[in-house]
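Enquirer: Please work out how this folds:
(3 chains)
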Amino acid sequence: MNMNTTSNPLMQVSQLAVQFETPDGVINAVNGITFTLDRGKTLGIVGESGSGKSQSVLAMMGLLATNGRATGQVLYQGQDLISMPTADLNRIRGNRVAMIFQDPMTSLNPYLTVERQMTEVLELHKGLSRREARVRAIQTLDAVKMPEAARRINMYPHEFSGGMRQRVMIAMALLCEPDVLIADEPTTALDVTVQAQILVLMRELQRDFGTAIVLITHDLGVVAGLCNEVMVLYGGQVMEQGSAEAIFYRPSHPYTAGLLAAVPRLEDGDAPMLAIPGAPPNMARLPAGCPFTDRCAMALPQCGVERPAFAASAHDADVLRACHLGIEDVTRNLQYLKSQLGVAT
Amino acid sequence: MWSFTIRRVLATLPTLLAVISLCYFLLHATPGGPFDSERQVSAAVLANLQAKYHLDLPLWQQYLLYLQGLLSGDLGASFRYADWSVNDLVAKALPVSLAIGGTAMLLSIFIGVTVGIVAALRQNSVVDHTVMLLGNIGSAFPSFVIGPVLIMVFAISLGWLPAGGWNNFAIQFMVLPVALLTFINVSTIGRVMRGSLIEVMHSNFIRTARAKGLPERIVVLRHALKPALLPVVSTLGPLTISSITSALVTETVFSLPGLGKLIVNGAGNRDYTLVLGLVVLVTVLAVTMNLLVDLAYALLDPKIRY
Amino acid sequence: MNPLTPSKNDGLVQGLSRLPDPGSPPRNLWADARTRFFRNKAAVISLVVLSTIILACAIGPLLLPHAFDTADWDAMSLGPSFKNAHFWGTDEAGRDLLVRCLVGGRISLMVGLMATFASVTVGIAWGAVAGFVGGKVDAFMMRIVDMMYAIPYLLIAILLVTILGREFYLVVITITVFSWMDMARIVRGQTLSLRSREYVEAAHSIGVPIHRIITTHIVPNLLGVVVIYTTVTVPGVILTESVLSFLGLGIQEPMTSWGVLIEDGTKVMEVSPWILLFPAAMLSITLYCFNFIGDGMRDALDPKDR
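Expert: Model (predicted):
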């Protein structure tokens, strides 16, 4: 991360790890995530399904399933969210740190009106009366560009379209003007055009409210549009972490490079589509070393055995990476592979 | 709302009509039955039959008059007893059945829902396992096995309660029958409630509610309960139907002078018209109950719009 | 020149590759199901117990010294003992209880089997036609199913028994009339969904003949649910017969069934509890076994549906 962070970051996550007890054994879903979040900044967490990105933020919010356990530290204003008792955590969740989820249809209660689901947040955290809360809720719906908010607020979630429902979720999260907004794949369940609208909305809200955003996604386009910093996850471990520019223009990790190369581009024409061979790892049986070893084109013998250290890269001190190969080797190999496959470098 | 109700009522009419007509015409086909010229009845009964069923008129007229009679609440004449019309017999028996059945149903709903909620929130605890075990017993063993066992334990061995009979709504005669019916219903309601609440608690919207910082009490009562109750309400429909079966058995086992006993005795006596009248009555009651359950469900579920 | 450091396997460049291969074909459903079923301990034990009961009912009475309806004047209302080889005792008329239970079991199981066979046949035919033809025919046929569900079956069963009598085959017919709907609904649902599955359309579009489509795609899927629901229907049918017999409206003298025996038992349970308990136990155990086997089949054939 940027070494010149403000001396008072909003949120500090250290060595966050998540484990699940299953009949098949212990699963290490997340294995050591560290980052800092400043006011008004956006961190994008990128990875495939099962890479642990959702579980890490669920752990931060205390929303893990009953067989899950989180270790490490998540400091918000000096208090550790992980070890906090639920009663205290409830004062922070929905209030100072809010979360929006992937599928607004199932994430909103179909049996309660939007009004009830929104006013209860204000009644609880801000002590407003039902009527005052309703007024504030309508204002927030206006802020997320919901047309006819005063009439629509009495409706049930199933009476809205997908994009509108997600706006409701965002409005609901912003009611108490939180410092941190965690968005778990907010646009995945939406049409492409609606996706763009939601992202624009989030950017404007960030500008207006000064909220810090943690954005989970598997879509690199979304990351490019919105994020200052990026963290690339694979197999529950961080592969690469740094500013969005650094990661996009000079990927320093074979996995990141693979992800970027797999994004089809219109100007590539009829060139062959690329994919990283293989499938996401079985989280119950991770190799002792780097989890990407089996699918990595450049893997060394030691990769499967010894977990690479997560440290600053040689080419840019603000980029952190976990790879046994040096940045020069990675870049060179990448160029060779692309030339082999007839893809423009 | 009203148009919805009326539409549902109209939808049940064909069923009612079909049942009533079927029964009526079946009776006509019965040798030795009320409409057969070979029937063997006393003169007094014959006079009653003549009056109620207009036996000298053409069939279709008889049928229509019968339906008309039904609409004005006349259930017919008994084939065996000259002194009593079906209505008379019903008037004496219905309160008994209602008292037992009604109490049992209310208790079952209350206990079943509570027990189901507790079991769901304390999954895999002692309470949960006990509830599931009792639920299994209640569902697996037929009512006419559990009933006598209850009698053997509480009336014969312990002597706390009478083994059967009735004394003008005296409490001790109501305890065991109500207990039997309640036990059977609670096993269904409890298990459905438990399963349904467990499933709802895993929903995404419950996760959202927790993410908003709501205390668990509000999450359960305000967010989870209503969706969890829907399957329970659905169950009430078929449960009412099966309660009728249970009631028949219960009244037989405990010798209660209710509608069930009336039907069973009537059938044993080959009192065709009595059984017909009672079947019509109970079917109307059952269909009405089903309708009420449907309406309750529609009220609870906002996705159903009138 | 290959600047890549050798990969851990064989020195070949794995590299970024073209799109991956499609997956491998599915395993055999039935072999899987059989393995899964036999891993279910409750189901296997139930199968063994049930087979024992069936065997006992079939050949037991031939091996025992007593007939089911002869009175042993030396041993009236005898509790279980070795005297005169009355292992389960005798009833008030001196008839050996064990033999009566086994003979009653024959009747109960036979009625169960016949009524199940009949209702399964009707159900499959009804559901398959409705699902296959679709449209208005389907809607109409399913309306009739809904109507049947709304009718309290026991009442109609009682009415039918009152009118038609209590001959053995009539009892079977009466039970069948109310037991076919579950199967019909399930088969219709399956047929509807199978008819429009993409792989059926695909097979059809590439020219696979209809009979091959039916045998490879439709029948195996139907077979699964048919088997499951048959094992679910059987206990329901046996229970219906027992209830009818218990109320005195089912199997009649001189034949006997578990329901009849239980009713006999309730009359004398104060003094001779074994007369009630043995047949009740046999009936309950049989029903339990069928339930476990049914659960086992359901889990074996549809593992997602826990």
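
Enquirer: CA only for contacts and neighbour counts going forward, please
Expert: Will do.

Enquirer: got any ranges where the stretch 1-150 of chain C has weak pLDDT?
Expert: C:1-29 (pLDDT under 70).

Enquirer: Also chain A?
Expert: In chain A, residues with pLDDT under 70: A:1-7, A:268, A:270-273, A:342-345.

Enquirer: the longest helix in it is where?
Expert: Ranked by residue count, the top helix of chain A under DSSP state H comes out as helix A:192-209.

Enquirer: Which positions in the helix or strand just after that helix come out as buried?
Expert: Later in the chain than helix A:192-209, the nearest helix or strand by DSSP states H and E is strand A:212-217. Neighbour-count burial for strand A:212-217, with 16 or more other CA atoms under 10 Å in any protein chain shown as criterion, is recorded at A:A212, A:I213, A:V214, A:L215, A:I216, A:T217.

Enquirer: So the closest residue to chain C within chain A: helix, strand or coil?
Expert: Going by CA to the nearest CA, chain C is nearest to A:A297 of chain A, at 4.6 Å. Following DSSP: H, G, I helix; E, B strand; the rest coil, A:A297 is assigned to coil.

Enquirer: Can you show me the strands along the stretch 201-345 of chain A?
Expert: Listed in chain order, the strands found in the stretch 201-345 of chain A under DSSP state E, counting those that start in this stretch are A:212-217, A:229-234, A:237-243, A:310-312, A:320-322.

Enquirer: Now distance to C:L222 too, for the ones you listed, in JSON lines please.
Expert: Converted to JSON lines, the strands of the stretch 201-345 of chain A look like this (distance: least, CA to CA, whole Å):
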{"stretch": "strand A:212-217", "distance to C:L222": "42"}
{"stretch": "strand A:229-234", "distance to C:L222": "43"}
{"stretch": "strand A:237-243", "distance to C:L222": "46"}
{"stretch": "strand A:310-312", "distance to C:L222": "56"}
{"stretch": "strand A:320-322", "distance to C:L222": "53"}
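
Enquirer: which one of those strands lies closest to B:A155?
Expert: strand A:212-217 (66.5 Å; CA to CA).

Enquirer: ok, back up a step: so which elements touch the longest helix of chain A?
Expert: For helix A:192-209, the elements it packs on are helix A:162-174, helix A:220-226, judged by 3 or more CA pairs under 8 Å, 6 or more residues apart in numbering or on different chains; DSSP states H and E.

Enquirer: Export it to PDB, keeping only CA atoms.
Expert: Written as PDB, here are the backbone C-alpha positions of helix A:192-209 (Å, rounded to 0.1, in the frame of the first residue of the first chain):
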ATOM      1  CA  VAL A 192     -24.400  -4.300 -17.900                       C
ATOM      2  CA  THR A 193     -26.100  -1.000 -18.400                       C
ATOM      3  CA  VAL A 194     -27.400  -0.900 -14.900                       C
ATOM      4  CA  GLN A 195     -24.000  -1.900 -13.700                       C
ATOM      5  CA  ALA A 196     -22.600   1.200 -15.100                       C
ATOM      6  CA  GLN A 197     -25.200   3.400 -13.500                       C
ATOM      7  CA  ILE A 198     -24.600   1.800 -10.100                       C
ATOM      8  CA  LEU A 199     -20.900   2.400 -10.300                       C
ATOM      9  CA  VAL A 200     -21.400   6.000 -11.300                       C
ATOM     10  CA  LEU A 201     -23.700   6.300  -8.300                       C
ATOM     11  CA  MET A 202     -21.200   4.900  -5.900                       C
ATOM     12  CA  ARG A 203     -18.500   7.200  -7.200                       C
ATOM     13  CA  GLU A 204     -20.700  10.200  -6.700                       C
ATOM     14  CA  LEU A 205     -21.800   9.100  -3.300                       C
ATOM     15  CA  GLN A 206     -18.200   8.600  -2.300                       C
ATOM     16  CA  ARG A 207     -17.400  12.100  -3.400                       C
ATOM     17  CA  ASP A 208     -20.400  13.600  -1.600                       C
ATOM     18  CA  PHE A 209     -20.300  11.600   1.600                       C
END
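
Enquirer: Enumerate the positions of it that are buried.
Expert: Neighbour-count burial for helix A:192-209 [16+ other CA under 10 Å]: A:V194, A:Q195, A:I198, A:L199, A:L201, A:M202, A:R203, A:L205, A:Q206.

Enquirer: What's the first helix or strand after the strand or helix carrying B:V175?
Expert: According to DSSP H and E, B:V175 maps onto helix B:171-201. Counting by DSSP H and E, the next helix or strand C-terminal to helix B:171-201 is helix B:204-211.

Enquirer: and the next helix or strand along the chain from that following helix, how far from the chain's centre?
Expert: Following helix B:204-211 in sequence order, the next helix or strand is helix B:216-218 (DSSP H and E). Mean C-alpha position of helix B:216-218 versus that of the full chain (CA atoms, centre = their mean, to the nearest Å) differs by 35 Å.

Enquirer: Show me the contact partners of helix B:216-218.
Expert: With CA atoms under 8 Å, 6 or more residues apart in numbering or on different chains as the contact definition, helix B:216-218 has outside contacts at B:R210.

Enquirer: Identify each buried residue in it, please.
Expert: For helix B:216-218, the neighbour count (16+ other CA under 10 Å) marks B:E216 as buried.

Enquirer: for the helix or strand just after that helix, packing partners?
Expert: From helix B:216-218 onward toward the C-terminus, using DSSP H and E, the following helix or strand is helix B:225-253. Under the contact criterion of 3+ CA pairs under 8 Å, 6+ apart, helix B:225-253 touches helix B:86-121, helix B:143-150, helix B:171-201, helix B:259-268, helix B:272-300.

Enquirer: residue boundaries of the helices in chain C?
Expert: Ranges of helices within chain C are C:29-39, C:41-63, C:97-133, C:135-150, C:153-164, C:168-177, C:181-195, C:198-205, C:210-213, C:219-246, C:258-267, C:273-301, based on DSSP H.

Enquirer: Could you say which of these is packed most deeply?
Expert: Mean neighbour count, computed with mean count of other CA atoms under 10 Å in any protein chain shown, is highest for helix C:258-267 among these, reaching a mean of 25.

Enquirer: helices or strands next to that one in the packing?
Expert: Using 3+ CA pairs under 8 Å, 6+ apart, helix C:258-267 sits against helix C:97-133, helix C:219-246, helix C:273-301.

Enquirer: Check the offset of it from the chain's centre.
Expert: 24 Å.

Enquirer: Now do that helix, average pLDDT.
Expert: Averaging pLDDT along helix C:258-267 yields 89.

Enquirer: Stretch B:103-121 too?
Expert: Mean per-residue pLDDT for stretch B:103-121: 92.

Enquirer: how about that stretch: buried residues?
Expert: If you call a residue buried by 16+ other CA under 10 Å, then stretch B:103-121 has these buried ones: B:103-105, B:107-109, B:111-120.

Enquirer: same deal with stretch A:48-64?
Expert: A:48, A:50-64.

Enquirer: ditto for stretch A:218-226
Expert: Neighbour-count burial for stretch A:218-226 flags A:H218, A:D219, A:L220, A:V222, A:V223, A:L226 (criterion: 16+ other CA under 10 Å).

Enquirer: what about the fourth one, distance to chain B?
Expert: Distance check for A:V222 against chain B: by CA to the nearest CA, to the nearest Å, it reads 23 Å.

Enquirer: check contacts around the residue lying closest to that residue once chain neighbours are set aside.
Expert: Of all residues beyond its chain neighbours, the one nearest A:V222 is A:L199 (7.7 Å), with distances taken as CA to CA, 6 or more residues apart in numbering or on different chains. By CA under 8 Å, 6+ apart, A:L199 lies in contact with A:T187, A:V222, A:G225, A:L226.

Enquirer: Thank you kindly, that will do.
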